[in-house]
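# model this:
(chains A and B)
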Amino acid sequence: MDYATLKALQPSEFEDAAVGYRATRDLVSGAKDILEQRIAGRMQADLEGEAASAALEQLRELWQNFHYVQVECGLLTTALTALFAEMQAAKKKLEAAVEDARADKMTVNADGSVSYPAGGEKVDGKVPEGGKVTGSAGGDRGGSPLDPADPSSLADALDRQAAAQHPNPYFGRAVEYANRIAEAVEEATEADELWAPKLRQLKADDDLTVSAKDWIDVQKDTTGVRTAAKSYLDDIKPPPKHGDPITNAAWWRGLSPEEQDAYLSLHPASVGDLDGLPAEVRDEANRTVLAESRARVTEERTQLLAHEPTKSKVLYDPETGSPVGKVDTVEWTQWNDRKKRLDNAISGIDIIQRRFEQTGTDGLPKAYLLGFDPFANKDGRVIIANGNPDTADHTAVFVPGTKTVLGNIDDEIDKSDRLWRQSNKLAPGESTSTITWFDYDAPRSAKPGEAGDIDPEARDDSYARKAAPTLRHFMDGTEAAHRSATGDTSHTTLIGHSYGSTVIGDTTKYPSDYRVADDIIAVGSPGMQVDRAADLGLNPKHVWAMAGGGDDKWVREGGRLGGLGDNGVIPTDEAFGANLMESDSPSHGGFWAEENNRPSVSLENQAKVIVGRYDDVKLHREAHW
Amino acid sequence: MTSFEQEWAQAKADASADVSTRLASADGWNSGGNAGGLRSDKKAWSAAASGVGTLKEIVKTALTELERGQKSPEGFDPLAVIPVIGPTVAPGSQCVAAQREVYQSWKRYLDDVTGRCDALKGRLEKSGQNHYKNDKAVQGAFEELEKRYKDTPRAGGQSRAR
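Take a look at the predicted model:
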């Protein structure tokens, strides 16, 4: 770039373009929502068969197009905004230098050089003549081998020296103006050379199939823009380090819409994971993470399947030399473990995608993906809400128990769906959000023999202890985001199934600026690490427990035996002091049964607590101190 | 020992005796299969068709907004297109040129998406009007679309040389 180019350049061209891309992103994002919530969901509910499946597949392809446009146009918006900021700064610098030169009776020539008039005291009877100088930008001005360490300061010193010796006082100032002009051009040139290839990377794909490779490319684009936008991003206040959710929420509110966009498009994984941010924002970020994860996992799985190592080797008797049996090779076992992990991830991603498409069927509201990482913890992380918790009158957070992994999260999401439907039925005029929270390593066994564990993992509190601060952080985030959105709190219920209730018990041991919940329900609980309901920090009137038939005993009594309850007391005991709810669950897993959309007693009781209809809850025994 | 503790101990003994259960329950999830029933509802097909029609309108609005953001999308800017001469960098702004190329690529992409909406809408409408002979024919009509939008090896923004 040269002086003439920068003079002619209108940085607003980049800003205007950014506005166009932002509008496109928003519109297409809206189209994606309509497709997901009003078209695909309804079609799945109303139509069956091969034809409908084929049509639905095409709708999914279109959905992918929208998502791809949304994410890429988000990146373009940020890239062009950053480029505008840099070009605008350079241009202003140029204009100021030109303005100063003119005010000082000098002429800025078409090539950026500066002509100065004759002036100064007469030398040999003549006023020193005018002349022309061409400036140079800081780094280039050395020209002397003397000081390679700081050529710019050396150049300035040389300039000053030359000016002091020059008989025409205009000369020194002309050099200064010319240098400022050269610096502005240099800055603009640097931005131009940095951004041009980054922009070209953001060109649209040449076909309409959004493949795994395309999503991997999107991720590369994100990294590219992030690197190039470094100086622009440096001006934006970064998220608080190890910030608590209240600080996070305040940080987000303090950003301008452009800055929020920049963070969302350039850091989807961290924005999606940041407790305290609005659910809408986390959802958008995590959906990008979901699409990119699927692409990466799919690609890796394809590679993996192409390179399966030898499965087994024959063992020989060292004495006789005859074969005695076969064992799996170490390579194959490792390969198979990785394959299982990838399968688990793909399965979980499919489940989440299916839930998105179910919006609108059976009245289910929009799903918000508040957390997603297929490889977080041991078995992945999924936090997904039915309905927007930021604006809900009632919020229930459901913590699943033993044996939960990403790949079978559909069972848990299903429970949350049922809780939402029944709560919504009980309080149709009020808004309810039910959240499945799976962000911890759940034990894999509750009973001896399960998963081959002689001593079941669920007898050990360590899993719950580790999970507690994470859940506490999330609960505070939900509260902070709700306050940000409405200025008020939501009636919040924490529900723990099985070992999930142990997690909740440990969570109440982390005090913060907010209460942990208004109500706590322990379903089939093996113990909550306290021996009195009041030790959870709530009035026992707001602590609820229920038991089931059959194998439920294994979990509860096993927990008592293993020490998950304090002093051998578990929540269904009279000594615990919680409300003991009626339950018709025949088993440890049957607390959320529905028949023809009619809830079981155990399900309806939970829903009644969620919407605060306490007097309607069917009780065996009332709470007491 | 209480009776439950006896039961628990027995279960532990059983578990120890049969270590081969170790892998049995490791793969806990199952993939939900579709019943694959046959149902066709005119209204449902038509609703989907008109929904996709709305999507197309939204994409067209997006195209207008995108164009509005371009001062002179088809205009000629001599500074932006001065070619590189010799080893020095072209005096024109590379970003202005790049920005316009990028715009052209997204304009084309969104145009293609509206085309896809049209094609999809047409087939959904016809399905609702019993245009196709049977379920199989409907399926074929949609699968034909799949072939139309085949993936190419190139991803967005990669040079053809790669």
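
# CA atoms for contacts and neighbours, from now on please.
Will do.

# sec struct for residue A:402, please.
With DSSP: H, G, I helix; E, B strand; the rest coil as the basis, residue A:402 sits in coil.

# dihedrals phi and psi, it?
Backbone geometry at residue A:402, expressed as degrees, to the nearest 10, gives phi -50, psi 140.

# give the next helix or strand downstream of the host helix or strand of residue A:194.
Of the helices and strands defined by DSSP states H and E, residue A:194 is found in helix A:169-201. Downstream of helix A:169-201, the first helix or strand assigned by DSSP H and E is helix A:212-228.

# please see if that next one touches chain B.
Yes - judged by Cα under 8 Å from any Cα of the partner chain, helix A:212-228 and chain B are in contact via A:213, A:214, A:217.

# could you list the buried residues of the helix holding residue A:194?
A:169-189, A:191-196, A:198-201 (16 or more other Cα atoms under 10 Å in any protein chain shown).

# how much space between residue A:209 and residue A:535?
According to Cα to Cα, to the nearest Å, residue A:209 stands 56 Å off from residue A:535.

# looking at the two, which one has more neighbours?
residue A:209 (19 against 16; other Cα atoms under 10 Å in any protein chain shown).

# ok, back up a step: the helix holding residue A:194 packs against which elements?
If contacts are counted by 3 or more Cα pairs under 8 Å, 6 or more residues apart in numbering or on different chains; DSSP states H and E, helix A:169-201 sits against helix A:3-8, helix A:50-103, strand A:114-116, strand A:131-133, helix A:151-165, helix A:212-228, helix B:94-128.

# poorly predicted segments of the stretch 201-350 of chain A, please.
Of all residues in the stretch 201-350 of chain A, none has pLDDT under 70.

# now the helices: where do they sit in it?
A:212-228, A:230-234, A:245-253, A:257-266, A:268-272, A:279-306, A:330-358 (DSSP state H, counting those that start in this stretch).

# among those, which is nearest residue A:117?
Among the helices of the stretch 201-350 of chain A, the nearest to residue A:117 by Cα to Cα is helix A:230-234 (39.5 Å).

# contacts for that closest one, please.
Helix A:230-234 has contacts (Cα atoms under 8 Å, 6 or more residues apart in numbering or on different chains) with A:82, A:85, A:86.

# possible to save the helices and strands packed on helix A:169-201 as a markdown table with mean neighbour count?
Shown next, in a markdown table, are those (neighbours: other Cα atoms under 10 Å in any protein chain shown):
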| stretch | mean neighbour count |
| --- | --- |
| helix A:3-8 | 18 |
| helix A:50-103 | 22 |
| strand A:114-116 | 25 |
| strand A:131-133 | 17 |
| helix A:151-165 | 16 |
| helix A:212-228 | 20 |
| helix B:94-128 | 20 |
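
# which of the ones you listed comes out lowest on mean pLDDT?
Among the helices and strands packed on helix A:169-201, helix A:151-165 has the lowest mean pLDDT, at a mean of 72.

# could you dump it to PDB, C-alpha only?
Output of helix A:151-165 as PDB, limited to C-alpha atoms (Å, rounded to 0.1, in the frame of the first residue of the first chain):
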ATOM      1  CA  PRO A 151      17.300   1.800  14.500                       C
ATOM      2  CA  SER A 152      14.200   3.900  15.100                       C
ATOM      3  CA  SER A 153      15.700   5.900  18.000                       C
ATOM      4  CA  LEU A 154      18.900   6.200  16.000                       C
ATOM      5  CA  ALA A 155      17.000   7.500  13.000                       C
ATOM      6  CA  ASP A 156      15.100  10.000  15.100                       C
ATOM      7  CA  ALA A 157      18.400  11.200  16.500                       C
ATOM      8  CA  LEU A 158      19.900  11.500  13.000                       C
ATOM      9  CA  ASP A 159      16.800  13.400  11.900                       C
ATOM     10  CA  ARG A 160      17.100  15.800  14.800                       C
ATOM     11  CA  GLN A 161      20.700  16.300  14.200                       C
ATOM     12  CA  ALA A 162      20.100  17.100  10.500                       C
ATOM     13  CA  ALA A 163      17.300  19.400  11.300                       C
ATOM     14  CA  ALA A 164      19.400  21.300  13.800                       C
ATOM     15  CA  GLN A 165      22.100  21.900  11.200                       C
END
